[in-house]
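Could you work out the structure for the sequence below:
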Amino acid sequence: MLRTRFPGPFIAKINKWQLSYYELRGKREEYLLKLHNKHGSVVQIAPKVLSVNDYSGLQKVFSASNRLSRPDPLPFLHNYKSENLVSTVDGDLHYERRKVLRTVYSASVIESSYFQRILQDSVDRFLVFISEHQGPVEIRMALRRLTYDVMSHVVYGSSHASNIFKWDPRHSLETDVDWEKDTSKIPSTLFMLYFPNLTLWLRRMNLAPSSIDGSTPSKLVLDTVGRQALRALQSSTLGSEYDGDDVPDPQSLIHRLYHTYAAEGGPSSVPSWDYILSDCFDHFWAGVETTVYALTPMIKRLSSTHNRQYQSQLKEEIRSLVASSGREALSTTELKQARFLDAVIRETLRTNPPIGFSLERHAPMNDRSISLGGQTVPTSWTVGASPVVVGHNTSAFHEPETWSPERWMNRQPEEMSPSEKRHDLAVMKRHFFAFGSGPRMCVGINVAWAVMRAAMAGIYGRYESELVHSTAGGDSGYDILKDRKLKVIFRKLS
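All right, here's what the predicted structure looks like:
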């Protein structure tokens, strides 16, 4: 074991405790960055665990043809005592489960008039909230309300969607959010993370305490919404929650899962009612939190005094598109033409990806083996890639610690320094790993892009923003997300 062929610190080849030490301190990604800067694109970070940070490694590990499995279960992501899509270990089973949902998140559905109406209504309510709010806006709370509305339509359908801007926020939002925060901090979550197989064994033996048994509290608003939506589908002869609309609505996530289960009698892809509730619960929160964690640093950076030129450039681009279209509300298709908006989003997702941990795969058997750094990865080894680390690869990105949206613009050679010329736009796009890649990449990527574009265009087409409150120091890495009370002043543009 000690004479491993892959580069890395000696201690990483004999035990995992150094890696665990940095994980518990919240410094894992910084540690991996140092290892890659020292040892190269393939590094051993623990016994039988490798990390990659370049396109060659990403292509081999996350290739769509491989369908590699996860190395370990994820019991801390189970809900209703059931696994879901994201926590499915087996690569082939995950592929079958994901295939069921393709139509829900397809680009054609997200760009349809039905979804565009939902998205614009949610953004409009968000902007009204900003305009009526007295004083600085706690931006994360406001963004969470926006994404709550959008994701409830996507997951539970129009008949069971929320309107957080009308509901009492104490009743409809904070209980669920507080539960999510508290769950992520308690020691039992660490136990499930570090001892997943023991956790599952305790559950099978009915020995697991309530803190790790995978149950979901009935006090949550989302639990009520999910159960009501499922009961409505179960009680309907046609299994349809849409009635009287001339234009057929796209299927919601729960609608699609329900029909798969009802039509096929509980196949492995949708094995139970609890699986349906668990998957819906997970998709909802993943869509809410990751989008908020992407938009928060975006707005903070643009609202900082040293980035005012970028805010001005974005406002000019949005207002130019509005003038060309003749409409204040731009569609997803129109916003795809906003090149600087695209650059702002990409650059923020590079420096502050919503996924703050490594995506890991289990090395396959010999007939599907993968090679990294000229060496075959042994069976049973784990290979992972961190979006943070990939986004800071100095071979792909010039001065990766600097937030610089213009790096994503197709500039003329005379506008670039010699160092910048070495970092080709195509190379950077191949290293854009914020959503993962391959058969397990973020299934909701089209929704995420649509919401981010619409929210940013809505804000900076009508407002300018100024950062007025910050409790955390820097703009790099996850410092922004440590700012729990980030407040911004929005001023209406003339």
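
For the stretch 351-494 of the chain, which segments count as helices?
Ranges of helices within the stretch 351-494 of the chain are 387-390, 418-421, 425-430, 445-460, based on DSSP state H, counting those that start in this stretch.

so which of the ones you listed comes closest to Leu253?
Ranking these by proximity to Leu253 (C-beta to C-beta) places helix 445-460 first, at 10.6 Å. Bear in mind the C-beta positions are built from the backbone N, C-alpha and C, glycine included.

Can you list the low-confidence ranges for the stretch 251-400 of the chain?
366-367 (pLDDT under 70).

hang on, the earlier thing: return the most buried member of the helices of the stretch 351-494 of the chain.
Mean neighbour counts were compared across the helices of the stretch 351-494 of the chain using mean count of other C-beta atoms under 10 Å; the top stretch is helix 387-390, at a mean of 26.

closest one to Ser158 among the helices of the stretch 351-494 of the chain?
Using C-beta to C-beta and comparing these, the one that lies nearest Ser158 is helix 445-460, at 15.4 Å.

Serialize the helices of the stretch 351-494 of the chain to a markdown table and add fields for distance to Arg231.
Output for the helices of the stretch 351-494 of the chain, formatted as a markdown table (distance: least, C-beta to C-beta, whole Å):
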| stretch | distance to Arg231 |
| --- | --- |
| helix 387-390 | 38 |
| helix 418-421 | 58 |
| helix 425-430 | 45 |
| helix 445-460 | 25 |
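
how about these, which one is nearest Arg102?
Distances from Arg102 to each of those were compared by C-beta to C-beta, and the smallest falls on helix 445-460, at 10.7 Å.

Where do the helices of the stretch 101-250 of the chain begin and end?
Assigned by DSSP H, counting those that start in this stretch, the stretch 101-250 of the chain shows helices spanning 102-105, 107-110, 113-132, 139-156, 169, 175-185, 187-194, 196-204, 221-235.

how close does Leu58 get to Met456?
Distance, Leu58 to Met456, by C-beta to C-beta, to the nearest Å: 27 Å.

weakest of the helices of the stretch 351-494 of the chain in terms of mean pLDDT?
Within those, the stretch with the lowest mean pLDDT is helix 418-421, showing a mean of 58.

mind putting the helices of the stretch 101-250 of the chain in TSV, mean neighbour count, mean pLDDT and distance to Thr382 included?
Below are these laid out as TSV (neighbours: other C-beta atoms under 10 Å; pLDDT from 0 to 100; distance: least, C-beta to C-beta, whole Å):
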stretch	mean neighbour count	mean pLDDT	distance to Thr382
helix 102-105	17	92	28
helix 107-110	16	94	33
helix 113-132	17	94	37
helix 139-156	24	92	31
helix 169	14	49	42
helix 175-185	13	78	23
helix 187-194	16	91	14
helix 196-204	15	96	13
helix 221-235	18	88	32
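
Phe357: which of the ones you listed is closest?
Using C-beta to C-beta as the measure, helix 187-194 is the one of those that comes nearest Phe357, at 10.0 Å.

Run the angle between that closest one and helix 196-204 for me.
In terms of direction (axes from the mean of the first three to the mean of the last three C-alpha atoms, to 10 degrees), helix 187-194 departs from helix 196-204 by 120 degrees.
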